[in-house]
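Peer 1: Curious how this folds, go ahead:
(chains A and B)
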Protein chains: 2
Amino acid sequence: MIAEILATGDEIRSGALIDSNSAYIAQNLEESGVEVLRHICVGDDMDIMVSTLMAISNRADFCVVTGGLGPTTDDITAEAAAKAAEVDLFLEHNALKNIEDFFKNRKRLMSSSNQKQALMPQGAAVIYNYAGTAPGFHLKINRCVFFFIPGVPFEMKKMLINDVIPNIYNLCGKKRDFCLIKTISTFGITEAATGEKLVGIESVFPDLKIGFRAKFPEIQVKIYLYGKDEKILNKRMDEACQWILAKIGSKTFSVQGKTMEAEVAQLLLKQKSTIAVAESCTGGLISHRLTNIPGSSGYFLFSAISYSNESKIKVLGVSPETLQINGAVHEETVKEMAEGAKNLAGADYGLSTSGIAGPSGGTNDKPVGTLCIGIATPKGTKAFRFNSVFDKRSMNKAVFAMKALDLFRRELLLLDV
Amino acid sequence: MIAEILATGDEIRSGALIDSNSAYIAQNLEESGVEVLRHICVGDDMDIMVSTLMAISNRADFCVVTGGLGPTTDDITAEAAAKAAEVDLFLEHNALKNIEDFFKNRKRLMSSSNQKQALMPQGAAVIYNYAGTAPGFHLKINRCVFFFIPGVPFEMKKMLINDVIPNIYNLCGKKRDFCLIKTISTFGITEAATGEKLVGIESVFPDLKIGFRAKFPEIQVKIYLYGKDEKILNKRMDEACQWILAKIGSKTFSVQGKTMEAEVAQLLLKQKSTIAVAESCTGGLISHRLTNIPGSSGYFLFSAISYSNESKIKVLGVSPETLQINGAVHEETVKEMAEGAKNLAGADYGLSTSGIAGPSGGTNDKPVGTLCIGIATPKGTKAFRFNSVFDKRSMNKAVFAMKALDLFRRELLLLDV
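Peer 2: Residues are numbered from 1 along each chain as shown, chains lettered A, B, ... in the order given. Below is the predicted model of the structure:
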């Protein structure tokens, strides 16, 4: 069973608005076992809309069309559908009542232009809209069943989940496939290197589809499995996961599509441990990420963003001599910063960063991209130095924060760095 | 001149990723005077990609294709382009050198699979990529010039602006119109309310095109003006800008498309003032945003992310009595936090937040969404309380940080809150 998605509207066509509907629809269709072959977006243009509907009607089993069901003159989707199906429009009385009720229930006046929204192509069946004024409809044209729903995300989502997807289930009958999706998240390895490590996977798992997604600075490996038997699919997914993990090794930080900070949070909560942070070059990003997790007050106690040397000394208790001898970006300095944060907050762990995020501030000795990380644990304090540089300050900050969180995760898991 | 946009990749096709590239490209093409007729998205499937390229090649003048230029096996765009053009692939030595340089400059090892990225269809001309490993290329097939560029937004944008758009300008010749664009950024007003305030703009400025973009939590108003005479356009743009600013009023924080933190940074640098921050509910996000600006050490001294009451007392000097009587989320508490941060760092200003970002932690008295903000200035300290709640913790944090930065900006400008 093959589906296409058609988004209509000049705002989307011209790029004034990002089309997030199509991704939402695609995900729900794929999870229902229907393969999405293509999305298309066209503007409010009758000829193009009609020819696009006709092309889809001959190659797809289902198509979800969004937008163009409103009351204004640029809303032409119902008319385009009628033209593509070579039928006339008629006034659907149940749809009209639905619209009238919408206004009545909200004690608002219905304008005459809303009547137009109850006009549908002959042969269409209403899809009721309880969240807005535009009813949708479904209609078979050639081999394809089209579902026409509004473009307003809130209304679209309700109608897709409550009406379109169950309808597709019924129409598919037993032909429906299951779809399993798994996300493996890695950090510290490029997309190219990840791909190379997985060379040969097609011959071991010919039934599996694999995709790579760069979600800077992490690389996600997505595994898709389609089939009729959910049990067999689960077993195959486990096998594929094991195979991939053996190849990628310790660069993996989540097999559940979780963020690095969610993994760290889970470990801290499990170990009933707390953390305090001292950030220089990461400027608050580590703290921001750690506190994005609901319930973060259960493990996150305190962070000092100590940009100035004075604050490193005054708040964190870094020794002026250490700073004078080594500078702010140094293993000894981050050790004292991590210990200072840990002691100040009475936390089990201290995590610190000091580095050069650029674009300026680099020297021969410590170029932009230099990063020192300190980790104070109940058993002692460690420090590390790295260098990797990206084109933008914000990218360097993102990598620095990720590296520090990853090192800390490894510390909690007693993994090698 | 007519253009189409083709986005490739299984992540987009399957809905795992929202395609924001196509809107960006459409906007830039339209601004260059080229009409975008259609966007299409297909997965990493050779047959579908080839047939789609061939269909476009017969109906459009230009097409921008994103994605599928990476080093892994699912990157098949160059091969599909060669098939559609009925030519072979060849190793483009300049492109290869570009890739090798990319790795050399970053002191990183190049994988052998990256070589594949220099394979291009016969007749193609390289589009260099200085921000990533995947070079692009342009190639004429039938009536259409195709521009193939990577799907990574950062790289795509650079190549589109630096290479594709100027190339299209050249190919269009004198048929091109000028296009002026202005971005007005607002905070604290919904998209619908912004739209309502601007009702009637079409009759005052019939030559102007307007678009709204929700970039949570800000709403951007985009103004487009097309024409042959740049001087006249500039004058019209000024008039339109004045008209819009008079309608939207003080909710505007930038007329240059700048971020809130960039506006705050500019004011601090101009006034040669420094800031220290004390964050509770925003968890580091204010500091992260303030330190995203290159040169932030010129105004940002220190921040304390004081999640625990203990750290509020110990580090910031908040009085235990204040906390006991009022709790952590209170005007008195944020006043002492702001003063504590200011004094500790020796800064001119102190900015503090304490609130309930959710999903849990709310009470009848202080529900989720409650936010207290403190501002310590050389002339005294103020405090404010607000409540607004969104569906997700991360959204609440984003709104809280934006609200605090906006209040602080108003303080620096001596504007009303």
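Peer 1: that's a helix at A:Glu332, yeah?
Peer 2: Yes. Assigned with DSSP: H, G, I helix; E, B strand; the rest coil, A:Glu332 falls within a helix.
Peer 1: List the contacts of it.
Peer 2: Applying CB atoms under 8 Å, 6 or more residues apart in numbering or on different chains, we find A:Glu332 in contact with A:322, A:325-326, A:383. No exception for glycine: its C-beta is placed from N, CA and C like everyone else's.
Peer 1: what's the distance between it and A:Glu79?
Peer 2: Separation of A:Glu332 from A:Glu79 (CB to CB, to the nearest Å): 74 Å.
Peer 1: what does A:Tyr226 give?
Peer 2: In terms of CB to CB, A:Tyr226 sits 37 Å off from A:Glu79.
Peer 1: that older thread, nearest to B:Leu233, out of the contacts of A:Glu332: which one, please.
Peer 2: A:Asn326 (56.5 Å; CB to CB).
Peer 1: Walk me through the domains of chain A.
Peer 2: Following automatic domain parsing, one gets these domains for chain A: A:2-175, A:178-254, A:260-413.
Peer 1: out of these, nearest to B:Ile286?
Peer 2: Per CB to CB, nearest to B:Ile286 of those: domain A:260-413, 7.3 Å.
Peer 1: which residues does A:Thr66 contact?
Peer 2: A:5-8, A:21-22, A:25, A:149-151, A:156.
Peer 1: switch to 7 Å and redo it
Peer 2: A:7-8, A:21, A:149-151, A:156 (CB atoms under 7 Å, 6 or more residues apart in numbering or on different chains).
Peer 1: Kindly report the same for A:Ala401.
Peer 2: Here A:Ala401 is in contact with A:282, A:285-286, A:289 (CB under 7 Å, 6+ apart).
Peer 1: mind listing which of these are in helices?
Peer 2: A:285-286, A:289 (DSSP state H).
Peer 1: Out of these, which are close to chain B?
Peer 2: Near chain B, judged by CB under 7 Å from any CB of the partner chain, the entries from the ones in helices among the contacts of A:Ala401 are A:Leu285.
Peer 1: who wins for most neighbours among the ones in helices among the contacts of A:Ala401?
Peer 2: For the ones in helices among the contacts of A:Ala401, the largest number of neighbours (other CB atoms under 10 Å in any protein chain shown) sits with A:Ile286, at 30 neighbours.
Peer 1: Excluding chain neighbours, what is closest to it?
Peer 2: Sequence neighbours aside, A:Ala401 is the residue nearest to A:Ile286 in space, at 4.8 Å (criterion: CB to CB, 6 or more residues apart in numbering or on different chains).
Peer 1: Let me know the pLDDT of that neighbour.
Peer 2: Looking at A:Ala401, its pLDDT is 98.
Peer 1: Same check on the one 10 residues further on?
Peer 2: According to the prediction, A:Glu411 has pLDDT 96.
Peer 1: again with A:Phe103
Peer 2: Per-residue confidence for A:Phe103 comes out at a pLDDT of 86.
Peer 1: got the contact list for it?
Peer 2: A:Phe103 touches A:109-110, counting by CB under 7 Å, 6+ apart.
Peer 1: make it 8 Å
Peer 2: Contacts of A:Phe103 (CB under 8 Å, 6+ apart): A:109-110, A:114, A:133.
Peer 1: are any of those buried, and which?
Peer 2: A:110, A:114, A:133 (16 or more other CB atoms under 10 Å in any protein chain shown).
Peer 1: what does the stretch 1-150 of chain A have sitting close to chain B?
Peer 2: A:11-20, A:22-30, A:36-43, A:48, A:52 (CB under 8 Å from any CB of the partner chain).
Peer 1: My reading is that A:Ile184 lies in a strand. Confirm?
Peer 2: Yes. When three-state DSSP is applied, A:Ile184 is found to be in a strand.
Peer 1: longest helix of chain A?
Peer 2: From DSSP H, the single longest helix across chain A is helix A:393-413.
Peer 1: Tell me how far the residue nearest to the spatial centre of chain A lies from B:Ile56.
Peer 2: For chain A, A:Lys215 is the residue whose C-alpha lies nearest the centre (CA atoms, centre = their mean; 8.8 Å). Per CB to CB, A:Lys215 is found 29 Å from B:Ile56.
Peer 1: try A:Leu225
Peer 2: Applying CB to CB, the value for A:Leu225 to B:Ile56 is 32 Å.
Peer 1: Identify each of the strands in the stretch 301-417 of chain A and give its residue range.
Peer 2: A:349-355, A:370-377, A:380-387 (DSSP state E, counting those that start in this stretch).
Peer 1: Could you point out which residue ranges in the stretch 151-300 of chain A have low pLDDT?
Peer 2: For the stretch 151-300 of chain A, the stretches with pLDDT under 70 are A:174-176.
Peer 1: Alongside chain B, which residues does it contribute?
Peer 2: Proximity of the stretch 151-300 of chain A to chain B (CB under 8 Å from any CB) is limited to residues A:181, A:190-196, A:199, A:202, A:209-214, A:216, A:222, A:224, A:277, A:279, A:282-292, A:294-297, A:300.
Peer 1: in the sheet, who's paired with A:Thr381?
Peer 2: A:Ala376 (DSSP bridges).
Peer 1: Spit out the contact partners of it.
Peer 2: Per CB under 8 Å, 6+ apart, neighbours of A:Thr381: A:335, A:338-339, A:350, A:374-375.
Peer 1: try 6 Å this time
Peer 2: A:335, A:338-339 (CB atoms under 6 Å, 6 or more residues apart in numbering or on different chains).
Peer 1: for A:Thr77, same thing?
Peer 2: For A:Thr77, counting by CB under 6 Å, 6+ apart, the contacting residues are A:8, A:68-69, A:148.
Peer 1: Most neighbours among the contacts of A:Glu332, which one?
Peer 2: For those, the largest number of neighbours (other CB under 10 Å) sits with A:Ala383, at 20 neighbours.
Peer 1: any idea how far A:Lys247 is from the residue lying closest to that one once chain neighbours are set aside?
Peer 2: Excluding the flanking residues, the one nearest A:Ala383 by CB to CB, 6+ apart is A:Glu331, at 3.7 Å. Going from A:Glu331 to A:Lys247 by CB to CB gives 33 Å.
Peer 1: quick revisit: tell me which of the residues of the stretch 1-150 of chain A next to chain B fall in strands.
Peer 2: Among the residues of the stretch 1-150 of chain A next to chain B, the residues falling in strands (DSSP state E) are A:36-42.
Peer 1: hey, where'd the helices end up in the stretch 101-250 of chain A?
Peer 2: For the stretch 101-250 of chain A, the helices defined by DSSP state H, counting those that start in this stretch occupy A:153-159, A:165-172, A:191-197, A:201-204, A:230-248.
Peer 1: Sweet, I'm off.
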